[in-house]
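**Student:** need a 3D model of the sequence below.
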Amino acid sequence: MMKRALVGLLLVGLVASLAYGEVTIMVLWSGDELAAFQQVADAFTAKTGIAVRVESVGRDLPAILATRVAAGNPPDLAGMPNPGQMAEFVARGAVVPLDGIVDLGQFPKAFVDLATVGGNVYGIFISADLKSLVWYNPDALYAEGLAPADSWNELMYITETLAARGKTPWAVGLESGAASGWAGTDWIEDIMLRTAGPELYDQWVAHEIPWTHPAVKRAFELFGSIVRNEAYVYGGTTGVLSINFGDSPAVLWDPIPGAYLHRQATFIKSFIAGAHPELDLDRDVAFFVFPPIDPQWGTPLLGAGDLISAFRDTPDVRAFLQYLAGPEAQEIWCGTLGKLATNVNVDASVYPDQLTAAAAEILKGAEIFRFDASDLMPAAVGSGAFWKGVLDYVSGVSLDRVLEDIEAAAEAAYGK
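**Tutor:** Below is the predicted model of the structure:
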């Protein structure tokens, strides 16, 4: 009798688990990011009874996902490394359009546009990193009688004024091991958006204009007007090339500031806090948006983000997508990691400090947002020739030579 009762209970449990179903999602995250996403998945399961199986495959995700798609065995959902790779899977007919499945009104238009291919939306951003920021020590900058810049001319006025006083305006570090140079590509991308506009930026990413195009050359030259001027950067050009990107901003908060301005993404906050644990982040650290250059292009935002696409359309997949798009999931994900939510209804109280909350507000108002260009380009270009070209340019190689070298790599990578 006891044995029959036990078997009966096991059968009930099995039927119940099968009734709730399961979704699978392939991600490249590990460590803290993977743990945070598991929290999101667990909360969804607790709410709906639908199990979520998270497959972490690391940086090999694009290749593994392509193999699974070709074999007709894709996961239900996957985290896309960037919108460009999402578009590649859309072109294969492998990705489910999300129009009518997810409430897209929860997102700034810029993020909907970024996930749109051929008039349909194929992904949702569950968070973003904002790169278009200039960090400063308010006490130090105000002590010089200076204030945040609203235009490129004002930014150069600050730069020239500090240099004329014998002070170093900028802290710039491009060293990052095998990835050295990437921090400089972010500068050039921000400048391209502000001098050439988003459409030409997109053409540049797709190699529809050459690297020798006047717009690309101008972006490099404006970047060079700061980083190639020995009086404008901490440690001179040697310092720019040798100082690690994460260590670079620390000098802004030294007792006698070594520099006054640092352009970097939201994630640099943790490096600043690590170098100066005595700081009150909400009082001692501040940023302003990298200012417009040509007024017609305004102030576009540059960044990266966490993008999810679906490869199957089932009721369980729809339920998980709707959950990921909503404020509850993003509050767990962003509140745990300090990332910026893309859902405009996320409560600012989830952020660990006012700096992060302020960056999230800027993101909410994004009219034009573009993904990091080097991340969208073929690796031989974006994380190869472009990174190297930045280092060569700062070290003194002529700009024409630098751009010709990157163009040669691009012709090979994209197909002439």
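
**Student:** can you give me the mean pLDDT across stretch 348-360?
**Tutor:** Throughout stretch 348-360, pLDDT has a mean value of 93.

**Student:** contacts only, for residue 55.
**Tutor:** 24, 25, 26, 27, 75 (C-beta atoms under 8 Å, 6 or more residues apart in numbering). In short, each C-beta sits where N, CA and C put it, glycine included.

**Student:** in strands, which of those residues appear?
**Tutor:** When strands are assigned by DSSP state E, the members of the contacts of residue 55 inside them are 24, 25, 26, 27.

**Student:** how close does residue 146 sit to residue 350?
**Tutor:** With distances taken as C-beta to C-beta, to the nearest Å, residue 146 is found 33 Å from residue 350.

**Student:** tell me the two of the ones in strands among the contacts of residue 55 that are most distant?
**Tutor:** 24 and 27 (10.5 Å; C-beta to C-beta).

**Student:** neighbour count winner among these two?
**Tutor:** Neighbour totals were compared for residue 24 and residue 27, and residue 27 leads with 22 against 17 (other C-beta atoms under 10 Å).

**Student:** in terms of contact, does the more buried one touch residue 77 like I think?
**Tutor:** No: taking contacts as C-beta atoms under 8 Å, residue 27 lies outside contact range of residue 77: 9.0 Å.

**Student:** where do the strands of the stretch 201-350 of the chain begin and end?
**Tutor:** According to DSSP state E, counting those that start in this stretch, the stretch 201-350 of the chain carries its strands in the segments 261-263, 286-289, 301-310.

**Student:** avg pLDDT for stretch 103-114?
**Tutor:** Stretch 103-114 comes out at a mean pLDDT of 94.

**Student:** stretch 133-152 now?
**Tutor:** Mean predicted lDDT for stretch 133-152 stands at 98.

**Student:** what is the most widely separated pair among the contacts of residue 55?
**Tutor:** Checking the contacts of residue 55 with C-beta to C-beta, the most distant pair is 24 and 27, at 10.5 Å.

**Student:** what touches both of these two?
**Tutor:** Residues touching both residue 24 and residue 27 (C-beta under 8 Å, 6+ apart) are 54, 55.

**Student:** what sits against residue 324?
**Tutor:** Residue 324 neighbours (C-beta under 8 Å, 6+ apart): 40, 124, 126, 308, 330.

**Student:** give me the pLDDT for it.
**Tutor:** For residue 324, the predicted pLDDT is 98.

**Student:** residue 37 too?
**Tutor:** Reported pLDDT for residue 37: 97.

**Student:** now it: closest residue in space that isn't a chain neighbour?
**Tutor:** residue 29 (5.9 Å; C-beta to C-beta, 6 or more residues apart in numbering).

**Student:** quick check, that neighbour in a helix?
**Tutor:** No: using DSSP: H, G, I helix; E, B strand; the rest coil, the secondary structure at residue 29 is coil, not a helix.

**Student:** I'd assumed residue 40 was in contact with it.
**Tutor:** No: with contact defined as C-beta under 8 Å, residue 29 does not reach residue 40; the gap is 11.0 Å.

**Student:** shaky segments in this protein?
**Tutor:** In the predicted model, the chain carries pLDDT under 70 at residues 1-19, 416.

**Student:** one more time with 90, if that's ok
**Tutor:** 1-20, 59, 81-82, 84-85, 338, 352, 364-367, 379, 415-416 (pLDDT under 90).

**Student:** domain assignment for it?
**Tutor:** 23-128+303-365, 133-299+377-414 (automatic domain parsing).

**Student:** now do the longest one: distance to the chain's middle.
**Tutor:** Its chain's C-alpha centre and that of domain 133-299+377-414 lie 16 Å apart, by C-alpha atoms, centre = their mean, to the nearest Å.

**Student:** end to end, how far does that domain reach?
**Tutor:** 31 Å (C-alpha to C-alpha, to the nearest Å).

**Student:** cool, and stretch 336-355?
**Tutor:** First residue to last in stretch 336-355 (C-alpha to C-alpha) measures 15 Å.

**Student:** quick one: the residue nearest to residue 37 from residue 357, how far?
**Tutor:** Residue 29 is 24 Å from residue 357, by C-beta to C-beta.

**Student:** could you do residue 367 as well?
**Tutor:** For residue 367, the distance to residue 357 equals 20 Å [C-beta to C-beta].

**Student:** and what of residue 266?
**Tutor:** Separation of residue 266 from residue 357 (C-beta to C-beta) stands at 11 Å.

**Student:** higher neighbour count, the two?
**Tutor:** The neighbour comparison of residue 266 against residue 357 (other C-beta under 10 Å) goes to residue 266, with 25 against 16.

**Student:** wait, the more buried one sits on residue 132?
**Tutor:** No: using C-beta under 8 Å, residue 266 makes no contact with residue 132, being 9.9 Å away.

**Student:** ramachandran coordinates for residue 97?
**Tutor:** phi -70, psi 140 (degrees, to the nearest 10).

**Student:** please name the nearest non-neighbouring residue to it.
**Tutor:** Closest to residue 97 by C-beta to C-beta, 6+ apart is residue 120, at 4.1 Å.

**Student:** show me what the one you found is bridged to.
**Tutor:** Counting by DSSP bridges, residue 120 forms beta bridges with residue 117.

**Student:** that one: how many residues sit nearby?
**Tutor:** 14.

**Student:** next: residue 156.
**Tutor:** 16.

**Student:** output stretch 65-79 as PDB - backbone C-alpha positions only.
**Tutor:** Output of stretch 65-79 as PDB, limited to C-alpha atoms (Å, rounded to 0.1, in the frame of the first residue of the first chain):
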ATOM      1  CA  LEU A  65      24.700  28.700 -32.300                       C
ATOM      2  CA  ALA A  66      25.300  28.700 -36.000                       C
ATOM      3  CA  THR A  67      26.100  25.000 -35.900                       C
ATOM      4  CA  ARG A  68      22.900  24.300 -33.900                       C
ATOM      5  CA  VAL A  69      20.800  26.400 -36.300                       C
ATOM      6  CA  ALA A  70      22.200  24.600 -39.300                       C
ATOM      7  CA  ALA A  71      21.500  21.200 -37.700                       C
ATOM      8  CA  GLY A  72      17.900  22.300 -37.000                       C
ATOM      9  CA  ASN A  73      18.400  22.100 -33.200                       C
ATOM     10  CA  PRO A  74      18.600  25.700 -32.000                       C
ATOM     11  CA  PRO A  75      17.900  26.700 -28.400                       C
ATOM     12  CA  ASP A  76      14.600  28.300 -27.700                       C
ATOM     13  CA  LEU A  77      16.300  31.700 -27.100                       C
ATOM     14  CA  ALA A  78      19.900  33.000 -27.200                       C
ATOM     15  CA  GLY A  79      21.800  36.100 -26.100                       C
END
